[in-house]
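1. I'll drop the sequence and a predicted model, then ask my questions.
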Amino acid sequence: MAVTSLVFENNPSKEARHAELLNSLREHFNNPDLDIEYTSKGKPVLKGINKYISVTTTENVMVCALSDTPIGIDGEHTARFSGESRTDYIGIAERFFTEEEADFIREGEDTGIRFAKIWIRKEAYCKYTGKGLSDFPNFSVTDGERFYGKINGIPVKRFSVNFPGSNEFLFAIVGDYSV
């Protein structure tokens, strides 16, 4: 599976994001009849074309990943997780992540970034499966020391998206893909 990524400016309005994404995809595929529907968990599904889609928004960026096979993508702006944040990332991990994931965060120096690296992998997998964030405790992305290359047999890895300032973001992608 080859992955195509499209980068847009994020808009706070869900309706505006949908309209921009839909218009861009219609243009990208030269298909004015293409439509996007959403599952009950919010997973986008393309209608009128045999492609899969996953979308992530963070800060001022919206990234759309397209593929011939199922896919999930998530990303975060690292500034949100570094510096003087008072967020208790270890506490959140202990409540919503697996024990191995909480250990990974607890045993590192930059708990915010370590948390973000786990979060994007877990959310990308949930976007791939369409199950939603309530599935977080049911799988792990790390053994506590390093990240797994697969979750339940599905490849997961860091994903590079190029745009101005992209070095300030982390992205993960899940699916049987090649880039």
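-> Sure, I can see it.
2. any idea of the pLDDT on the closest residue in space to E59 that isn't next to it in sequence?
-> Counting by CB to CB, 6 or more residues apart in numbering, E59 lies nearest to H77, which is 4.1 Å off, once chain neighbours are set aside. In this view, the C-beta of every residue, glycine as well, is placed from N, C-alpha and C. pLDDT recorded at H77 is 97.
3. need the per-residue pLDDT for V3.
-> Looking at V3, its pLDDT reads 92.
4. got it, and S85?
-> Here the pLDDT value assigned to S85 is 72.
5. need the contact list for it.
-> G112 (CB atoms under 8 Å, 6 or more residues apart in numbering).
6. mind redoing it with 10 Å?
-> Neighbour list for S85: 79, 111-112, 115 [criterion: CB atoms under 10 Å, 6 or more residues apart in numbering].
7. what about F8, is that helix, strand or coil?
-> Three-state assignment for F8 (DSSP: H, G, I helix; E, B strand; the rest coil): strand.
8. that one: neighbour count?
-> Residues lying near F8 (other CB atoms under 10 Å) number 17.
9. hey, what's it bridged with?
-> Beta-bridge pairing for F8 (DSSP bridges): M62.
10. so for the helix or strand containing S24, what's the average pLDDT?
-> For S24, the host element (DSSP states H and E) is helix 14-28. Across helix 14-28, the average pLDDT comes to 96.
11. ok so, going back, closest to I92 out of the contacts of S85?
-> Using CB to CB, F115 comes nearest to I92 of the contacts of S85, at 7.2 Å.
12. and the closest one, its phi and psi?
-> The phi/psi pair for F115 (degrees, to the nearest 10) reads phi -60, psi -50.
13. ok so, going back, pull out the buried positions in the helix holding S24.
-> 17, 20-21, 25-26 (16 or more other CB atoms under 10 Å).
14. so the residue positioned nearest the centre of the chain is in which element?
-> Residue closest to the mean C-alpha point of the chain, counted by CA atoms, centre = their mean, is D74 at 1.0 Å. Per DSSP H and E: D74 is located in strand 72-77.
15. quickly run through the sheet partners of that strand, with directions.
-> As defined by DSSP bridges, the strand partners of strand 72-77 come to strand 169-174 (antiparallel).
16. okay, the strand it pairs with in CSV with CA atoms only?
-> Only the C-alpha atoms of strand 169-174 are listed here, as CSV (Å, rounded to 0.1, in the frame of the first residue of the first chain):
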residue,chain,number,x,y,z
PHE,A,169,5.3,17.4,15.2
LEU,A,170,5.2,13.7,15.8
PHE,A,171,3.1,11.4,13.6
ALA,A,172,2.4,7.7,13.6
ILE,A,173,0.7,5.5,11.0
VAL,A,174,-0.9,2.1,11.2
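17. nothing else from me, thank you.
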